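J.: Quick one: sequence plus predicted model below, questions after.
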Amino acid sequence: MEALISVRSVTRSFGDVVALDDVSLEVGAGEMVGLLGPNGAGKTTLLSLVNGQRKPDSGVVRLFGADPRKPAARAMLGTTPQETGLPPTLKVGEVVDFVAGHYGDPMPRAELLERFDLAGLAGRQTGGLSGGQKRRLAVALSLVGRPRLVLLDEPTTGLDVEGRRALWQALRDYHADGATIVLTSHYLEEVEALARRVVVIGGGRVLADDALPAVLDRVSVRRVALAAPVPESELVRLPGVADISTDQAESTAGAGRRYSLLVSDSDDFVRALVASNVPFSGLEVRGASLEEAFLTLTHQHAADRGAAPEPAFAAPSAGGTASHGEGK
Ligand SMILES: Nc1ncnc2c1ncn2[C@@H]1O[C@H](COP(=O)(O)OP(=O)(O)OP(=O)(O)O)[C@@H](O)[C@H]1O
């Protein structure tokens, strides 16, 4: 498969902050890739290297096989940054026509607006659009030149459910027409709705890069809470424990400390807990947030690299947090 994007061993810092740390990634023609990660993970920095806005400190970035800082490499690229300014006194149709004027074979105005459910707004000044309509127009503008590759930084920020679905459909349709799309998101739901391949970024590193079902499997962790009069070490040896934290206070009536754990398979964990004869009480099991799931990926990654885990997030529960990456 032809690589439209090739990022090899790229590192980029801003002062003391290492925004990207030895990142490698290839995106082939026809892919729909979701870059998923929390705030500050490095997603925008990665896109800015691919679209030629910034240079890496080290490593190589290629766009359509060329240096993305050369305009010719960007001829077939469409992109929408996280925030876009639209000239408030121009009408929607005028903005589309203005952008279309830069391309030899632009998408017709009516088709573009139709795709993004904006057809009724051609005559409206952009200053009079709602936040969601502005966002949809900004993303629509990235397609005016019929790009083969589209980079979208958090395309649905600020959209309501309906606006988000309209935009998702427009992107699916454009992808079905043969385009390659890379989008960033904080939301698993969005990546699930659009991407076939998911690259999870945390702390400037690629933590996972796999087909959507495989990544969903890795992030489907559970949070288990219980009280037990045993040291933490008795619990962390149970199967699938990715993280454990304790409340500072002892719980009442000799039940022991209250623990909160992230586990990869709560059924397995609970079976092993019962078999271990640890006298536990107050057992609770619930789904974990995506942030918590990222935390476990960060731990897995650190353990894979043989390094001490470096949490990319604040500890998800109050109290002291001890972490380990054993057996991952
Ligand atoms: N121009 C800059 N100057 C200083 N630090 C920067 C700059 N751009 C990014 N950073 C830092 O680099 C890290 C990665 O930021 P980046 O914007 O790439 O993350 P992100 O994953 O896109 O986050 P978000 O989802 O919040 O947009 C962060 O710590 C950020 O503060």
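T.: Nice, I can see it.

J.: burial measure for Leu4, as a count.
T.: Residues near Leu4, counting by other C-beta atoms under 10 Å, number 22. Every residue, glycine included, has its C-beta placed from N, CA and C.

J.: Give the pairing partners of the host helix or strand of it; include direction for each.
T.: Assigned by DSSP states H and E, Leu4 belongs to strand 3-14. Take DSSP bridges as the rule and strand 3-14 pairs in its sheet with strand 17-28 (antiparallel), strand 58-63 (antiparallel).

J.: Run the chain-centre distance for the shortest one.
T.: It refers to strand 58-63. Mean C-alpha position of strand 58-63 versus that of the full chain (C-alpha atoms, centre = their mean, to the nearest Å) differs by 21 Å.

J.: And stretch 145-162, by the same measure?
T.: 14 Å.

J.: Just the terminal-to-terminal distance for that stretch.
T.: By C-alpha to C-alpha, to the nearest Å, the extent of stretch 145-162 from end to end equals 26 Å.

J.: before we move on, back to that, nearest approach to the ligand belongs to which of the strands paired with strand 3-14?
T.: Distance to the ligand, taken as C-beta to the nearest ligand atom, is lowest for strand 17-28 among the strands paired with strand 3-14, at 3.4 Å.

J.: now the closest one: mean pLDDT?
T.: Computed over strand 17-28, the mean pLDDT rounds to 96.

J.: For the chain, which segments count as helices?
T.: 43-50, 92-100, 109-115, 131-141, 161-176, 188-194, 212-219, 232-236, 266-275, 290-304 (DSSP state H).

J.: Mind giving me the packing neighbours of the shortest one?
T.: Counting contacts by 3 or more C-beta pairs under 8 Å, 6 or more residues apart in numbering; DSSP states H and E, helix 232-236 is packed against strand 241-251, strand 256-263.

J.: quick one on the thing from earlier: just put the helices of the chain in CSV and tack on distance to Gly78 and mean pLDDT.
T.: Formatted as CSV, the helices of the chain follow (distance: least, C-beta to C-beta, whole Å; pLDDT from 0 to 100):
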stretch, distance to Gly78, mean pLDDT
helix 43-50, 12, 96
helix 92-100, 10, 94
helix 109-115, 11, 94
helix 131-141, 8, 92
helix 161-176, 9, 91
helix 188-194, 16, 84
helix 212-219, 23, 79
helix 232-236, 48, 93
helix 266-275, 43, 95
helix 290-304, 28, 65
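
J.: Looking at these, which is nearest to the ligand?
T.: Of the helices of the chain, the one closest to the ligand (C-beta to the nearest ligand atom) turns out to be helix 43-50, at 3.1 Å.

J.: Can I get that closest one as CSV, trimmed to CA atoms?
T.: Extracted C-alpha coordinates of helix 43-50, given in CSV (Å, rounded to 0.1, in the frame of the first residue of the first chain):
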residue,chain,number,x,y,z
LYS,A,43,-2.0,14.7,18.6
THR,A,44,-2.1,18.3,17.3
THR,A,45,1.7,18.4,17.2
LEU,A,46,1.7,15.3,15.1
LEU,A,47,-0.7,16.7,12.6
SER,A,48,1.3,20.0,12.5
LEU,A,49,4.3,18.0,11.5
VAL,A,50,2.4,16.1,8.8
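
J.: For the closest residue to the ligand within the stretch 151-300 of the chain, give me its contacts.
T.: Residue of the stretch 151-300 of the chain nearest the ligand, by C-beta to the nearest ligand atom: His186 (5.9 Å). His186 sits next to Leu36, Gly37, Pro38, Asn39, Glu154, Leu290 when contact means C-beta atoms under 8 Å, 6 or more residues apart in numbering.

J.: Would you mind listing what in the chain touches the ligand?
T.: Phe14, Val17, Ala19, Gly37, Asn39, Gly40, Ala41, Gly42, Lys43, Thr44, Thr45, His186 (C-beta under 6 Å from any ligand atom).

J.: Done for today, thanks.
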